[in-house]
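[1] pasting the structure only:
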């Protein structure tokens with residue numbers, strides 16, 4: 001048999017908390033008076049301790065739930081900010097990729113035009129060389145010199 005004070009000391013709570021729990025459980029009529037204090041038997045003691053344990057667990061769980069919800073909300077806000085930042089960066093990169101693709105297309109078109117011009121120049125040069133060879137002139141530089149001298153001295157070739 002223990003007193004209210006002994007149980008309060010064991011649990012680390014006030015005597016008033018133990019009295020409130022006894023009232024909550026409806027045990028005040030079952031307590032025996034022993035002088036100026038009440039005597040609490042082992043059954044009643046275990047009920048009181050069990051109630052304090054359940055209250056403690058309930059408070060702990062609700063505190064953890066509150067903390068975890070708060071943590072989840074701050075994590076969610078952080079993720080939303082990161083999502084906004086990454087979306088902005090993605091939009092900028094997509095714009096740069098589009099610009100680069102346009103530049104590549106222009107360069108490819110320019111290259112194709114240059115290749116066609118080079119092929120046309122080669123064909124023209126090949127045609128000129130064939131004409132000179134057909135005329136019997138194997139040295140195009142010498143042929144140009146003859147034409148130049150002929151113009152100066154009015155001789156026809």
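    Now that the structure is in, tell me what you want to look at. Bear in mind that the values here come from a model prediction, so they are computed numbers and not experimental data.

[2] Run the chain-centre distance for the longest helix along the chain.
    In the chain, with assignment by DSSP state H, the single longest helix is helix 42-134. Per Cα atoms, centre = their mean, to the nearest Å, the displacement of helix 42-134 from the mean C-alpha position of its chain is 7 Å.

[3] count of residues packed around residue 7?
    Residue 7 has 21 neighbours, counted by other Cβ atoms under 10 Å. (Glycine included, C-beta is placed from N, CA and C.)

[4] Could you list every helix and strand in contact with the longest helix of the chain?
    Under the contact definition 3 or more Cβ pairs under 8 Å, 6 or more residues apart in numbering; DSSP states H and E, helix 42-134 sits against helix 4-11, helix 15-25, helix 140-153.

[5] which is the next helix or strand following the second one?
    Yep, that's helix 15-25 we're talking about. strand 32-34 (DSSP states H and E).

[6] And for that following strand, what's in contact with it?
    1, 3, 38, 39, 41 (Cβ atoms under 8 Å, 6 or more residues apart in numbering).

[7] and if we set it to 10 Å?
    When contacts are defined by Cβ atoms under 10 Å, 6 or more residues apart in numbering, strand 32-34 is touched by residues 1, 3, 38, 39, 40, 41, 44.

[8] what's the answer for stretch 16-26, then?
    Residues from elsewhere that reach stretch 16-26 (Cβ under 10 Å, 6+ apart): 3-11, 13-14, 27-31, 38, 40, 44, 47-52, 55.

[9] quick one: pLDDT of residue 50?
    Note on residue 50: pLDDT of 82.

[10] so where's the protein shaky on pLDDT?
    Counting by pLDDT under 70, the chain shows low-confidence ranges at 60-68, 135-151, 153-157.

[11] again, only this time at 50
    Counting by pLDDT under 50, the chain has low-confidence residues at 157.

[12] quick check: angle from the longest helix of the chain to helix 15-25?
    90 degrees (axes from the mean of the first three to the mean of the last three Cα atoms, to 10 degrees).

[13] Adding neighbour count, write the contacts of strand 32-34 out as JSON lines.
    Shown next, in JSON lines, are those (neighbours: other Cβ atoms under 10 Å):
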{"residue": "1", "neighbour count": "12"}
{"residue": "3", "neighbour count": "17"}
{"residue": "38", "neighbour count": "20"}
{"residue": "39", "neighbour count": "14"}
{"residue": "40", "neighbour count": "24"}
{"residue": "41", "neighbour count": "13"}
{"residue": "44", "neighbour count": "20"}
